[in-house]
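Participant: Starting from these lines, generate the structure:
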Amino acid sequence: MSFEISHESEGARAGRLVTGRGEIQTPVFMPVGTAGTVKGLSPRELKRDVDAQIILGNTYHLYLRPGAECLKRAGGLHKFMAWDRPILTDSGGYQVYSLASRCKITDEGAMFQSHIDGSRHLFTPESVIDFQRILGSDIMMVLDECPPAGVSRSRAREANRRTADWAQRSMEQYEATRSLYGHTQLLFAIVQGSTFTDLRQESAEELMAMDFPGYAIGGLSVGEEAESLYEMVSVTCELLPPNKPRYLMGVGTPANLLEAIGRGVDMFDCVMPTRNGRNGMLFTTHGVVNIRNRKWASDYTELDPGLDSYASQTYTRAYVRHLFQCNEILGLQISAMQNLALYAWLMRGARLAIQEGRYADFARTMSERLSRRL
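Facilitator: Residues are numbered from 1 along each chain as shown. Here you go, the predicted model:
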């Protein structure tokens, strides 16, 4: 791996992250392919119509289905899902706490019952590294403890201690094992600390001492106020090494991304563009469209005239609304494609604005424009 920052503009960074499976221009948004697929889109559409540089998979879901044996026989997640660009896999820690029933966290790891069939499983820092070796992802995440919003300081501090201990054990297991498929896998740590500034600082400093190739900012977008989110991002980015990638997990709207880029974040993921698209909310270059509304029933203009993508230029708003009214799957696919193409367009625009030294103006204009309800 190599990572270098080529330009900076008012706190925002444009750079290049090189992995064994390709080069990633940052800032970058990663479409979420939780169970080995970005819902509704094929790998061909992700590359051709969305221009996704990297996607995200999830250890928790892939561990439960299809499981380690199937994925190892397939030769890893890339071959299993026919995707030849980089993949980042989340450790599954957040899903253990949010989806699994009867989850018990101890210093050993996280014991949980599957949300699918109730079977019992144990995730440890070591087992999560071993499974991500089987997945063959280009970027692996350590197992962490993600406390919910509003926890007490003592509870957040306990989660910090466990996160740091698990990060150390993850690093030791990472160094004791090797890739199964002949390409380098990177390991990123996750900074926690809830909305307590001093705990965020403590977490970042402990993890930086372990010298990971990259760092994520976790435990946000879990119910806290937007200003708290931005404050924690600022605090953490000011501490993290400037020569390593910074990844904000699970965030968010176009306005959220623009704010975080201005604070020094390089990488993002979120289910919002695909999930909201399936519910009829389309992000366009001129604002947000609820395609289910009657006002679009006789609108025969392109879905998004300002976006040069297949879905945006091919289908009309009236047609996509019709698909939703009829519960046709194509409507969900077009909406997911539109939203992900919009996020990729926004990242390209942000990179150009940073390179030209005008990021603050770009972010202000785009945030206002893309947040409007049409």
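Participant: Show me what residue 267 is bridged to.
Facilitator: Residue 267 has the following beta-bridge partners by DSSP bridges: residue 28, residue 247.
Participant: hang on, isn't it packed against residue 30?
Facilitator: Yes - counting by C-beta atoms under 8 Å, residue 267 touches residue 30, with 6.7 Å between them. To be clear about C-beta, it is placed using only N, CA and C from the backbone, and glycine gets the same treatment.
Participant: Can you classify residue 41 by secondary structure?
Facilitator: Going by DSSP: H, G, I helix; E, B strand; the rest coil, the secondary structure assigned to residue 41 is coil.
Participant: let me fix that: residue 25
Facilitator: Per three-state DSSP, residue 25 ends up strand.
Participant: pretty sure it is in contact with residue 16, am I right?
Facilitator: Yes - between residue 25 and residue 16 there is a contact at 6.1 Å, judged by C-beta under 8 Å.
Participant: which residues touch the least confident helix or strand in the chain by mean pLDDT?
Facilitator: Counting by mean pLDDT, DSSP states H and E, the weakest-scoring helix or strand in the chain turns out to be helix 93-98, with a mean of 81. With C-beta atoms under 8 Å, 6 or more residues apart in numbering as the test, helix 93-98 has contacts from 58, 60-61, 103, 105, 110, 112, 123, 143-146, 148, 190, 218, 249-250.
Participant: Try it again at 6 Å.
Facilitator: Helix 93-98 is contacted from outside by 60, 103, 110, 112, 143, 144, 146, using C-beta atoms under 6 Å, 6 or more residues apart in numbering.
Participant: and the fifth one, backbone torsions?
Facilitator: Note on residue 143: backbone dihedrals following degrees, to the nearest 10 are phi -70, psi 130.
Participant: Report the separation between it and residue 268.
Facilitator: Residue 143 sits 21 Å away from residue 268, going by C-beta to C-beta, to the nearest Å.
Participant: With neighbour numbers in mind, choose between these two.
Facilitator: Taking neighbours as other C-beta atoms under 10 Å, residue 143 and residue 268 compare with residue 143 leading, 27 against 23.
Participant: can you pull the contacts of that one?
Facilitator: 91, 93, 125, 128, 166.
Participant: if I read this right, the third one contacts residue 172, doesn't it?
Facilitator: Just to be clear, that refers to residue 125. No - the pair residue 125 / residue 172 is not scored as a contact, 8.5 Å apart, by C-beta atoms under 6 Å.
Participant: Tell me which of these two has more neighbours.
Facilitator: Per other C-beta under 10 Å, whichever of residue 125 and residue 172 has more neighbours is residue 125, with 27 against 14.
Participant: top of the contacts of helix 93-98 by neighbour count?
Facilitator: Among the contacts of helix 93-98, residue 144 has the most neighbours (other C-beta under 10 Å), with 29 neighbours.
Participant: where does that one land in three-state SS?
Facilitator: Here residue 144 takes the coil state, with states given by three-state DSSP.
Participant: Would you mind confirming that it is in contact with residue 161?
Facilitator: No - with contact defined as C-beta under 6 Å, residue 144 and residue 161 do not form a contacting pair (11.5 Å).
Participant: quick one: which of the contacts of residue 143 sit in helices?
Facilitator: The helices, defined by DSSP state H, take in 93, 125, 128, 166 from the contacts of residue 143.
Participant: show me the contacts for the third one.
Facilitator: Same thing as residue 128. 59, 91, 143.
Participant: From residue 18, how far off is it?
Facilitator: If you go by C-beta to C-beta, the gap between residue 128 and residue 18 works out to 25 Å.
Participant: and what of the first one?
Facilitator: Note on residue 93: its distance to residue 18, by C-beta to C-beta, is 27 Å.
Participant: Looking at these two, which has the bigger crowd around it?
Facilitator: Neighbour totals were compared for residue 93 and residue 18, and residue 93 leads with 28 against 13 (other C-beta under 10 Å).
Participant: Roughly how far does that one sit from residue 147?
Facilitator: From residue 93 across to residue 147, the span is 11 Å (C-beta to C-beta).
Participant: go on, residue 82?
Facilitator: Residue 82 sits 37 Å away from residue 147, going by C-beta to C-beta.
Participant: These two - which one has more neighbours?
Facilitator: Higher neighbour count among residue 82 and residue 147: residue 147, with 23 against 10, using other C-beta under 10 Å.
Participant: What residue, apart from its backbone neighbours, is nearest the more buried one spatially?
Facilitator: Once flanking residues are discounted, residue 147 sits nearest to residue 159: 4.5 Å by C-beta to C-beta, 6 or more residues apart in numbering.
Participant: quick one, phi/psi of the one you found?
Facilitator: With angles defined as degrees, to the nearest 10, residue 159 sits at phi -60, psi -40.
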